[in-house]
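> take this sequence and fold it.
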Amino acid sequence: MSQAGQVVLGATAQGLVSFDAQGDVAPALAESWIVADGGQSYIFRLRRAKWANGATVKAETVARLLEQRMRASPDLLAGLRPNVRAMTDRVIEIRLETALPAFIQLLAQPRLALLEKKGGTGPYEGDIRLRRLYLHPVPEIIEADKTAEEREILPIERRTLQTGRAAIAMARFQNGQSDLLLGGGFQDLLLIPATRLGANDVRADPTPGLFGLAIIGKSSFFADKSVRDALARAVDRAQLARDLNLQGWTTATTPVPAQLDLSGPPSVPDWSAAPVETRYAAARATIARWSAANGAPPILRVALPSGAGATLLFYRLAADFGRLGLRIDRVAMDEAADIKLIDEIAGFDSALWYLARLDCDMGLACDESASALLDRARTAENPDQQSADLVEAERLIVANAGYIPLGMPIRWSLVSRRLTGYAPSPRGVHPLNRLFKATN
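Residues are numbered from 1 along each chain as shown. I've put the predicted structure just below:
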């Protein structure tokens, strides 16, 4: 689940498909595939490959391992229940209960890379020494007819990975001790001005997904939909962008960022176009009515990650909610909370991913009618019915205000000029074997 873990997994193991440097789906264990029944059936032909123990990769083992990975990643699957089966030694079919053309993007996620007991299929293998992971290309992927001893591995083909705190990692990059820093998020943004980095060193990824506040509190205060709506109104997203010094950052007032597979544009709250002072006034009146009927509101516990950017977000929320007469406390992400930050890149380009992440199973203040519609969408017999169910579910989820959208996820890297193959990726995935124009 950690970003470092996914980088290592993506470097040493492969799924059926993977992402290339630009975020497009590329072959991995599967050398080719076809999509049938409008996106309900996916048939993959495996390339000839071997596991780390030398055993031949066969469809039956791949199907078993993939099913295990999927069961371990329910949040990634958005409630889908794929049926995986081996058709021959080298052919696998994955069948969904409904057509979903974007499902191929989910299969390329690093979290669905496959490992046998002794490891994966590359593109790298490695060992850990002195808290660093040293990677070198798998011989089979370099040149199938030569062993590692017969084919010299060039220095440019090797990778050394090390994890660390953002400030230390940035200092190492600045001092020329590393060529690439991955994993930059909003919480580390404020460290950039303190460095002597060039404008071309910092690369942002155009990552769609969810960056906002999930309301998970169970008290009567949070059970009131009008209160949740008031909290969503009160956040000054434009000021948050200025505080973070993010010119051009895409803020959001609705969870689904684009039409995707909906039949029309996403719905927006009725207050989204109103001036911020008008929104504050309506939100204050709502909180005042609740207080008159129920007494003093509770102190709101907000779960945020560590980092200066998260501290700045906390101060922004304290100011915005403070104007409503509310107080907030900051807690760690694993502590009991009433409001919790969601900061996730979309697993695949479908409204289903966004809406499933805000479903009742995820612990948010939810609408059970929307949950039933999402269940229907997962088994819809035709695209028109699926789209209609998703549209209505999206409308109910927006109206329910169990999630307060802030904007798009923020992802950035520090990249040396010599990494000529590096490219911004909408998936936030940067394969280590594609950092140079001539890949392994």
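
> which residues touch the most centrally placed residue in the chain?
Central residue of the chain (CA atoms, centre = their mean): Ile345, 2.4 Å from the mean position. Applying CB atoms under 8 Å, 6 or more residues apart in numbering, we find Ile345 in contact with Thr207, Pro208, Gly209, Pro409, Arg411, Arg427, Gly428. C-betas here are computed from N, CA, C, even on glycine.

> helices and strands of this protein: which one has the lowest mean pLDDT?
Across the helices and strands of the chain, the lowest-confidence element by mean pLDDT, DSSP states H and E is helix 139-142, at a mean of 57.

> check the contact between Lys50 and Leu29; I expect there is one.
No. Using CB atoms under 8 Å, Lys50 makes no contact with Leu29, being 11.1 Å away.

> between those two, which is the more surrounded one?
Leu29 (23 against 15; other CB atoms under 10 Å).

> tell me which residues touch the more buried one, please.
Leu29 makes contact with Gln14, Gly15, Leu16, Val17, Phe44, Leu46, Arg47, Ala49, Val57, Val62, Leu114, Thr121 under the criterion CB under 8 Å, 6+ apart.

> got the confidence number for the third one?
What that stands for is Leu16. At Leu16, the pLDDT value in this model is 98.

> can you check Glu157 too?
In this prediction Glu157 is given a pLDDT of 88.

> where does it fall, phi/psi-wise?
Phi and psi for Glu157, reported as degrees, to the nearest 10, are phi -90, psi -10.

> got the phi/psi numbers for the closest residue to it other than its chain neighbours?
Distances taken as CB to CB, 6 or more residues apart in numbering place Pro137 nearest to Glu157, at 5.3 Å, with adjacent residues excluded. Here is the backbone geometry of Pro137 (degrees, to the nearest 10): phi -60, psi 140.

> for the stretch 1-150 of the chain, just list every one of the strands.
Residue ranges of the strands in the stretch 1-150 of the chain, as given by DSSP state E, counting those that start in this stretch, are 17-19, 25-27, 30-36, 41-46, 83-88, 91-95, 124-129, 132-137.

> and the longest one, how far from the chain's centre?
Translated: strand 30-36. The chain centre lies 25 Å from the centre of strand 30-36; the measure is CA atoms, centre = their mean, to the nearest Å.

> ditto for the fourth one
In terms of CA atoms, centre = their mean, the centre of strand 41-46 is found 25 Å from the chain centre.

> check which helix or strand covers the residue nearest to Ala78 when sequence neighbours are not counted.
Distances taken as CB to CB, 6+ apart put Ala356 closest to Ala78, at 3.7 Å, once the chain neighbours are dropped. Assigned by DSSP states H and E, Ala356 belongs to helix 351-357.

> so for stretch 396-411, what's the average pLDDT?
Mean per-residue pLDDT for stretch 396-411: 97.

> could I have the CA atoms of it written out in CSV?
In CSV, the C-alpha atoms belonging to stretch 396-411 read as follows (Å, rounded to 0.1, in the frame of the first residue of the first chain):
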residue,chain,number,x,y,z
LEU,A,396,-27.3,11.3,-4.4
ILE,A,397,-23.7,11.2,-3.2
VAL,A,398,-23.1,14.9,-4.0
ALA,A,399,-26.4,15.9,-2.3
ASN,A,400,-25.5,13.7,0.8
ALA,A,401,-22.3,15.7,1.4
GLY,A,402,-20.4,12.9,3.1
TYR,A,403,-17.3,13.9,1.3
ILE,A,404,-15.9,17.5,1.0
PRO,A,405,-14.0,17.7,-2.3
LEU,A,406,-11.0,20.1,-2.3
GLY,A,407,-9.3,19.4,-5.6
MET,A,408,-7.2,17.0,-7.6
PRO,A,409,-4.5,14.9,-5.9
ILE,A,410,-1.1,16.6,-6.0
ARG,A,411,1.9,14.5,-7.1
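
> pull the contacting residues for Asp359.
Gly79, Cys366, Ala370, Ser371, Leu374.

> list the contacts for the residue nearest to Ala78?
Contact partners of Ala356, counting by CB under 8 Å, 6+ apart, are Ala78, Gly79, Met362, Leu374.

> and it, how close does it get to Met70?
To Met70, Ala356 is 14 Å away according to CB to CB, to the nearest Å.

> same question for Arg279.
From Arg279 to Met70 the distance is 42 Å (CB to CB).

> just Thr311 next, same as before
37 Å.

> tell me where this protein is predicted with low confidence.
1, 140-151, 438-440 (pLDDT under 70).

> show me the domain layout of the protein.
According to automatic domain parsing, the chain comprises the domains 12-117, 209-407.

> sweet, I'm off.
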